[in-house]
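Engineer: build me a model from this:
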Amino acid sequence: MTKKAVFAWILAIAGTVLVWLPIIAPLFFSLMLLIRAQIFRLDYLMPAELFPLVLAGAIALIAGAILARSRIKLIGGAFGAAIALVLGGQALAVITGLASGETEPAGWPWILVTGAIGGYTLCVVAMGVGGCLLLWDLFRQRRAPAAQNE
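Structural biologist: Here you go, the predicted structure:
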């Protein structure tokens, strides 16, 4: 394998782990609380709170996708939409007064802000799926030359 291919593998693995972590962490903590206290609580804001991990993972995935010349549109498009939704949701929360507590969390402002957070989470999942598909593509590229040699 060339140095470029190895670097693409490293970026793809690191990016995929960093992008999936904010999705898996709240599920893991909810499961632990359910097992220990028989209470189900899901922190649906955690993926947005862990945005720095998503940002670092997305940058690594995009760099790995560019090096591999694979899944660039899926990962880049999901990342662009995720940025727009998380920033848009935050702006909506500030504009409507939800962020300061001035407005009660109900009605259309609450629906818009939680919808933006839900859309952001779906985009992060799409990036994670894109990272898994990128790893699959890199695996197939690595296997193709080996199959030709046999």
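
Engineer: how near is the residue nearest in space to the middle of the chain to G97?
Structural biologist: In the chain, the residue lying closest to the centroid (CA atoms, centre = their mean) is V124, at 2.6 Å. Distance, V124 to G97, using CB to CB, to the nearest Å: 27 Å. Any C-beta I mention is one placed from the backbone N, CA and C, and that applies to glycine too.

Engineer: cool, and Q90?
Structural biologist: Q90 sits 13 Å away from G97 when distances are taken as CB to CB.

Engineer: these two: which is more packed in?
Structural biologist: Shown here are Q90 and G97; by other CB atoms under 10 Å, Q90 has more neighbours (17 against 12).

Engineer: look at the nearest residue to that one once chain neighbours are set aside and tell me its secondary structure.
Structural biologist: Excluding the flanking residues, the one nearest Q90 by CB to CB, 6 or more residues apart in numbering is A99, at 7.4 Å. Counting by DSSP: H, G, I helix; E, B strand; the rest coil, the backbone at A99 sits in coil.

Engineer: which other helices and strands contact the longest helix belonging to the chain?
Structural biologist: As assigned by DSSP state H, the longest helix anywhere in the chain is helix 107-149. In terms of contacts (3 or more CB pairs under 8 Å, 6 or more residues apart in numbering; DSSP states H and E), helix 107-149 is packed against helix 3-37, helix 46-49, helix 51-68, helix 72-96.

Engineer: so which of the ones you listed is nearest C132?
Structural biologist: Closest approach to C132 among these (CB to CB): helix 3-37, 6.2 Å.

Engineer: what angle separates that closest one from helix 51-68?
Structural biologist: Going by axes from the mean of the first three to the mean of the last three CA atoms, to 10 degrees, helix 3-37 is angled at 150 degrees with respect to helix 51-68.

Engineer: of all the residues in helix 3-37, which ones are buried?
Structural biologist: For helix 3-37, the neighbour count (16 or more other CB atoms under 10 Å) marks 8-9, 11-16, 18-23, 25-26, 30 as buried.
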